[in-house]
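K.L.:
Provided below are the primary sequence and the corresponding predicted coordinates.
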2 protein chains.
Amino acid sequence: MTDTEIKISKSQRAYQWIKERIFNHQFTPGYRLVLGTIAAELDMSVVPVREAIRQLEAEGLVTFERNVGAHVAMLDEDRYSASMQTLSLMEAAAVALAASSLTEEDLRRAREANERLRGTLEPRRAFDPHAFTVLNQQFHAILYRACPNQRLVELIDAEWARLGNMRDSIFTFVPERARESVREHDELLDLLERGAPTHEIEHTMRRHRAGTLQALLSHNHPDQPVGMPEL
Amino acid sequence: MTDTEIKISKSQRAYQWIKERIFNHQFTPGYRLVLGTIAAELDMSVVPVREAIRQLEAEGLVTFERNVGAHVAMLDEDRYSASMQTLSLMEAAAVALAASSLTEEDLRRAREANERLRGTLEPRRAFDPHAFTVLNQQFHAILYRACPNQRLVELIDAEWARLGNMRDSIFTFVPERARESVREHDELLDLLERGAPTHEIEHTMRRHRAGTLQALLSHNHPDQPVGMPEL
DNA sequence: GTATCCGAAATCGTATACGATACCTCCGCC
DNA sequence: GGCGGAGGTATCGTATACGATTTCGGATAC
């Protein structure tokens, strides 16, 4: 028989189900999660759903207020840029640590991902910020996931998940910045290919992300000075 | 009436209660958390206790296995050093970012904390690794908590909590390293006081933590090369 | 027309109950 | 004496039930 399948608890199922909807943007930031409704939908009682929501709360994906209920988390501008800055710092370190373990294959896939990114910039089609964001995330993931420090990778993944869902990604890239971003990716790949020293790689990564952050902020608030520590 | 007190949910109470015991080392890594027992102890049913444990699981402080139960989390050597390295990288960045916002008062308190650390090294008393670890954490906390990026501070706090409890802190400091550590703290404080450039601060922090990590590892496994990216 | 209060409905919070699963002990077999 | 299987016990997983709290709509006063 096919009992290789591991039995999964209802609370786990609820957890995954909700998380999936959040990532899908079916449940957008601020959306109210009603325990009873979700329980009915999944054909279970509220108890496992509550557990699932507690987990999601601990991960920062939802907020939960006593006697009020759960909502998909939202980040205000400040928290957003703090999160972004944190992500950038971690990622820069991760890529630097990954540098020596990157294989030919990793680099090839990264180049390829960057070419797909460049593809979205074709002047003949309208710039699609969402597609760009997804591909951009893929490009970055190829590099930082090669980092031998798995804990660091976990934290980066978690943080990126938060960011991806807390805000409409539409604000993340203005077309001009996107173009520059792709060029910077090339530059980074060149460094990695020729085995540049780790500090140079980390420095380049930070500059790259600082640029993105800057563009994002100045697009919304043309003032506000948020930076990255100069390496 | 004194109804300024906010009513706290039972699951929150359970959460805090368990967490407290873990931090106290009353519940040491590997300790089994039996839902019914905890519920009885806290005079509540198992439902809120389960929720609390799910939250703690999401934070990485306990592990929870279907139909088996919950245990206080343990980290093996590899995960431990990965976590430590991650913490170090984040903290170095945080202190660098904090540099410009540190007040006189912060620095004074940091000096004071370091003097208390030095006190534990008095040759006439036996070295107490646990006391040293606690004071050391306080010293570091003063500096990184001043970082304006609150998200980064949160992550560092969480990571430090994990580390503090996943292993017996007795292995964290051998006396020789402790002595060197205190000296490096002084050096760091000097840099901060004279407003050294952020990259120098970050560099110094990384070296400091890399040294600690190195000492720890070579104390257990005299081989294994784990480093920090050179800045 | 707006503000305020009251009551009903929706929803949350947790206790209790009970089936399901894993673990442990003891017995019989080899 | 050691090993495997049966039954009992401890514990987990979740449904159901019900009191507590919030929210919302409507009625009343100004």
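P.N.:
Perfect, I can see it now.

K.L.:
So the spatially most central residue of chain A versus A:N136, what's the distance?
P.N.:
By C-alpha atoms, centre = their mean, chain A has its centre lying nearest to A:W160, at 2.4 Å. Separation of A:W160 from A:N136 (C-beta to C-beta, to the nearest Å) stands at 11 Å. Every C-beta, even on glycine, is put in place using the N, C-alpha and C of the backbone.

K.L.:
go on, A:E20?
P.N.:
Taking C-beta to C-beta, one finds A:E20 at 22 Å from A:N136.

K.L.:
okay, the two: which has more neighbours?
P.N.:
Shown here are A:E20 and A:N136; by other C-beta atoms under 10 Å in any protein chain shown, A:N136 has more neighbours (24 against 11).

K.L.:
and the nearest residue to that one once chain neighbours are set aside, what is it in contact with?
P.N.:
Closest residue to A:N136 apart from its sequence neighbours, by C-beta to C-beta, 6 or more residues apart in numbering or on different chains: A:L117 at 6.2 Å. Shown in contact with A:L117 (C-beta atoms under 8 Å, 6 or more residues apart in numbering or on different chains): A:F132, A:L135, A:N136, A:F139, A:A178, A:S181, A:V182, A:H185.

K.L.:
correct me, but the last one touches A:N114?
P.N.:
The one in question is A:H185. Yes: assessed by C-beta atoms under 8 Å, A:H185 is found in contact with A:N114 at 4.6 Å.

K.L.:
Need the residues touching each of the two.
P.N.:
Taking C-beta under 8 Å, 6+ apart as the contact rule, A:H185 and A:N114 both touch A:F139.

K.L.:
Report whether A:G30 is found in a helix, as I expect.
P.N.:
No: A:G30: not assigned to a helix; according to DSSP: H, G, I helix; E, B strand; the rest coil it is coil.

K.L.:
And the closest residue to it other than its chain neighbours, how far from A:L216?
P.N.:
Excluding the flanking residues, the one nearest A:G30 by C-beta to C-beta, 6+ apart is A:M74, at 5.3 Å. A:M74 is 17 Å from A:L216, where distance means C-beta to C-beta.

K.L.:
So between those two, which is more surrounded?
P.N.:
Neighbour totals were compared for A:M74 and A:L216, and A:L216 leads with 21 against 15 (other C-beta under 10 Å).

K.L.:
can you pull the pLDDT of that one?
P.N.:
What the model reports as pLDDT for A:L216 is 77.

K.L.:
before we move on, back to that, now the buried members of the contacts of A:L117.
P.N.:
Burial by neighbour count, 16 or more other C-beta atoms under 10 Å in any protein chain shown: within the contacts of A:L117 this picks out A:F132, A:L135, A:N136, A:F139, A:A178, A:S181, A:V182, A:H185.

K.L.:
returning to what we had before: and the residue nearest to A:G30, how far is that from A:R108?
P.N.:
From A:M74 to A:R108 the distance is 39 Å (C-beta to C-beta).

K.L.:
Now for A:L42, how many residues are close by?
P.N.:
The burial count for A:L42: 16, using other C-beta under 10 Å.

K.L.:
Against DNA strand C, how distant is it?
P.N.:
Noted for A:L42: a distance of 14 Å to DNA strand C, by C-beta to the nearest atom of the strand, to the nearest Å.

K.L.:
Enumerate every residue touching that residue.
P.N.:
With contact set as C-beta under 8 Å, 6+ apart, A:L42 has these partners: A:K10, A:R13, A:A14, A:W17, A:V49.

K.L.:
OK, contacts around the first one?
P.N.:
This points to A:K10. A:K10 sits next to A:L42, A:M44, A:P48 when contact means C-beta under 8 Å, 6+ apart.

K.L.:
show me the contacts for the second one.
P.N.:
I take that to be A:M44. A:K10, A:R13, A:A14.

K.L.:
Out of those, list just those in helices.
P.N.:
Using DSSP state H, the subset of the contacts of A:M44 located in helices is A:K10, A:R13, A:A14.

K.L.:
Selection in ChimeraX covering whichever of the contacts of A:L42 are buried, please.
P.N.:
Buried subset of the contacts of A:L42, written as a ChimeraX selection, criterion 16+ other C-beta under 10 Å:
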select /A:10,14,49
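
K.L.:
Closest one to DNA strand C out of the contacts of A:L42, please.
P.N.:
Comparing the contacts of A:L42 against DNA strand C with C-beta to the nearest atom of the strand places A:V49 closest, at 8.6 Å.

K.L.:
secondary structure element for the closest one?
P.N.:
helix A:46-59 (DSSP states H and E).

K.L.:
mind listing what's buried in whatever helix or strand comes next after that helix?
P.N.:
For helix A:46-59, the following helix or strand on the C-terminal side (DSSP H and E) is strand A:62-65. For strand A:62-65, a neighbour-count test (16+ other C-beta under 10 Å) marks A:V62, A:T63, A:F64 as buried.

K.L.:
Does strand A:62-65 reach DNA strand D?
P.N.:
No: Strand A:62-65 does not reach DNA strand D (C-beta under 7 Å from any atom of the strand); its nearest approach is 7.9 Å.

K.L.:
tell me which parts of chain A are close to DNA strand C?
P.N.:
Near DNA strand C, when you scan chain A using C-beta under 7 Å from any atom of the strand, you find A:7, A:33-37, A:46-47, A:50, A:66-70.

K.L.:
Using TSV, lay out those residues together with secondary structure and neighbour count.
P.N.:
Formatted as TSV, the residues of chain A next to DNA strand C follow (DSSP: H, G, I helix; E, B strand; the rest coil; neighbours: other C-beta atoms under 10 Å in any protein chain shown):
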residue	secondary structure	neighbour count
A:K7	coil	8
A:L33	strand	21
A:V34	coil	13
A:L35	helix	17
A:G36	helix	10
A:T37	helix	12
A:V46	helix	16
A:V47	helix	16
A:R50	helix	23
A:R66	coil	11
A:N67	coil	6
A:V68	coil	9
A:G69	strand	14
A:A70	strand	23
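
K.L.:
out of the residues you listed, which touch DNA strand D?
P.N.:
With C-beta under 7 Å from any atom of the strand as the criterion, those include A:V46, A:V47, A:N67, A:V68 near DNA strand D.

K.L.:
Tell me which two in the residues you listed are the farthest apart.
P.N.:
Maximum pairwise distance in those, criterion C-beta to C-beta, is 18.8 Å, between A:V47 and A:V68.

K.L.:
And for the residue of chain A found nearest chain B, the neighbour number?
P.N.:
The nearest approach of chain A to chain B comes at A:A58, 3.5 Å away (C-beta to the nearest C-beta). Residues near A:A58, counting by other C-beta under 10 Å, number 19.

K.L.:
how close does it get to DNA strand D?
P.N.:
For A:A58, the distance to DNA strand D - C-beta to the nearest atom of the strand - is 17 Å.
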